[in-house]
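Participant: The sequence isn't on hand, but the structure is:
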Ligand code: FAD
Ligand code: NAD
Ligand code: FES
């Protein structure tokens with residue numbers, strides 16, 4: 001905070017590198033939260049070091065794009081299950097996106113355009129610069145040797161499970177992966193799961209592979225194979241249904257909650273979620289306590305209700321954005 005006013009370029013650079021090191025040297029969350037605030041405040045200095053430049057962009061399916069972004073901090077520290085909070089433009093809102101892969105100074109995200117900010121991001125091109133990126137955030141997935149692991153990805157959730165499944169395989173587990181989408185054209189990243197011990201591809205319309213949802217495929221799979229733990233990531237309704245199935249067979253199942261987020265550092269309360277275990281009922285903050293929780297204990301009704309709470313404002317924001325930029329059906 002001592003650089004409020006007009007910090008010189010040198011001072012900004014020094015303060016940025018101090019902040020970056022301090023965030024990763026401390027285990028004390030409270031300290032890192034304050035430092036994170038500072039990091040956001042002093043964004044122009046950080047920007048010099050972490051340009052958040054889009055270095056590649058690829059269309060994976062209708063309205064779904066992969067981006068590689070230059071940011072050495074995220075690239076070198078991210079672990080499976082973590083996410084970034086991105087602000088696409090100076091006046092934009094902050095949206096959470098999972099880190100699908102890292103390589104050197106780069107990190108990869110896969111984004112599906114469903115509202116104003118994701119549409120805005122998907123209109124960006126190579127060499128464009130994102131206003132800011134904060135991360136890596138959230139607790140990493142608990143990767144260890146479990147034995148037989150079932151990993152399920154629905155729609156754009158397939159990108160979220162990719163680094164988790166890879167890390168679980170590397171840790172010596174026997175991996176069954178189920179990926180599913182409405183139709184073959186939306187079944188993204190399928191070639192990247194060839195490392196799995198068993199890969200089931202499902203489409204709702206039967207255009208390729210198993211005909212049915214990932215939940216139907218999950219029910220089939222658990223008839224013939226016993227699992228020690230599972231992951232399921234995708235739309236909230238899919239994660240809820242997977243959790244119900246897991247509950248019936250007493251299978252621990254991690255879901256990655258896609259709650260509304262604002263700061264991403266545990267201070268605003270925007271992502272609060274009710275988690276009910278047998279012993280307790282607790283409010284958890286998805287950004288710092290998650291994003292992964294055992295889906296069997298998530299209070300899905302209140303979670304899904306909170307997701308809906310700004311629907312009208314979200315609809316208007318997208319409508320206004322389209323008025324400004326023109327038709328986006330080509331995305
Ligand atoms: P909003 O203005 O917030 O509007 C979204 C609207 O779309 C809502 O009205 C909602 O009801 C509706 N909607 C929800 N699902 C669908 C759907 N399937 N089709 C059509 N409409 C729908 N998203 C990604 O694409 N990739 C990721 O890697 C990713 N990772 C995430 C990680 C975390 C930790 C969290 C919390 C979320 C993640 N999300 C990811 C979700 C992403 O953050 C949201 O999609 C985004 O914030 C939406 O912002 P928006 O302004 O574009 O849409
Ligand atoms: P989608 O609606 O196309 O569904 C993908 C698949 O999920 C379907 O093909 C089906 O197999 C399964 N599914 C969906 N609804 C189901 C139902 N009612 N019953 C049984 N199975 C069902 O998915 P999409 O459009 O790619 O999803 C986008 C959503 O995913 C957004 O809401 C976004 O917020 C969320 N998301 C979550 C995360 C996360 O970290 N949890 C990450 C990325 C995206
Ligand atoms: Fe603000 Fe989690 S996003 S507390």
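Facilitator: Received the coordinates, thanks. Bear in mind the structure is a predicted one, so any value in this text is a computation, not a measurement. Ligands and ions are numbered 1, 2, ... in the order given.

Participant: Show me which residues of the stretch 101-250 of the chain are close to ligand 2?
Facilitator: Listed as neighbours of ligand 2 in the stretch 101-250 of the chain under the rule Cβ under 6 Å from any ligand atom: 112, 114, 154-157, 160, 180-182, 202, 204, 213-215, 233-235, 237-238, 241. C-betas here are computed from N, CA, C, even on glycine.

Participant: Write a PyMOL command that selects only the buried members of those residues.
Facilitator: The PyMOL command for the buried members of these (criterion: 16 or more other Cβ atoms under 10 Å) is given here:
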select buried, resi 112+154+155+156+157+160+180+181+202+204+213+214+215+233+234+238+241
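
Participant: Just the residues of the stretch 101-250 of the chain next to ligand 2: which are in strands?
Facilitator: Secondary structure from DSSP state E places 112, 154, 180, 181, 202, 233 of these in strands.

Participant: closest to ligand 3 among these?
Facilitator: For those, the minimum distance to ligand 3 (Cβ to the nearest ligand atom) is 18.3 Å, reached by residue 233.

Participant: Spatially, and excluding backbone neighbours, which residue is closest to that closest one.
Facilitator: residue 157 (3.9 Å; Cβ to Cβ, 6 or more residues apart in numbering).

Participant: give the contact list for whichever residue of the stretch 151-300 of the chain sits closest to ligand 2.
Facilitator: Of all residues in the stretch 151-300 of the chain, the one sitting closest to ligand 2 is residue 155 (2.1 Å; Cβ to the nearest ligand atom). Residue 155 makes contact with 112, 180, 181, 182, 186, 234, 235, 238, according to Cβ atoms under 8 Å, 6 or more residues apart in numbering.

Participant: change it to 7 Å
Facilitator: Residues near residue 155 by Cβ atoms under 7 Å, 6 or more residues apart in numbering: 181, 186, 234, 235.

Participant: Looking at those, which is nearest ligand 3?
Facilitator: residue 235 (19.7 Å).

Participant: residues contacting residue 225?
Facilitator: By Cβ under 7 Å, 6+ apart, residue 225 lies in contact with 148, 176.

Participant: picking up where we left off before, so for the residue nearest to residue 233, what's the pLDDT?
Facilitator: pLDDT recorded at residue 157 is 98.

Participant: Could I get the phi/psi values of the residue of the stretch 101-250 of the chain found nearest ligand 3?
Facilitator: Per Cβ to the nearest ligand atom, residue 137 is where the stretch 101-250 of the chain lies closest to ligand 3, at 9.0 Å. Dihedral pair for residue 137: phi -120, psi 160, per degrees, to the nearest 10.

Participant: Spit out the contact partners of the residue nearest to it when sequence neighbours are not counted.
Facilitator: Nearest residue to residue 137, sequence neighbours excluded (Cβ to Cβ, 6+ apart): residue 264, at 5.0 Å. Residue 264 is in contact with 85, 94, 96, 134, 137, 287, counting by Cβ under 7 Å, 6+ apart.

Participant: same question, residue 78
Facilitator: Going by Cβ under 7 Å, 6+ apart, residue 78 touches 99, 102, 107, 136.

Participant: With residue 203 instead?
Facilitator: 180, 181, 182, 183, 184, 187, 209, 211.
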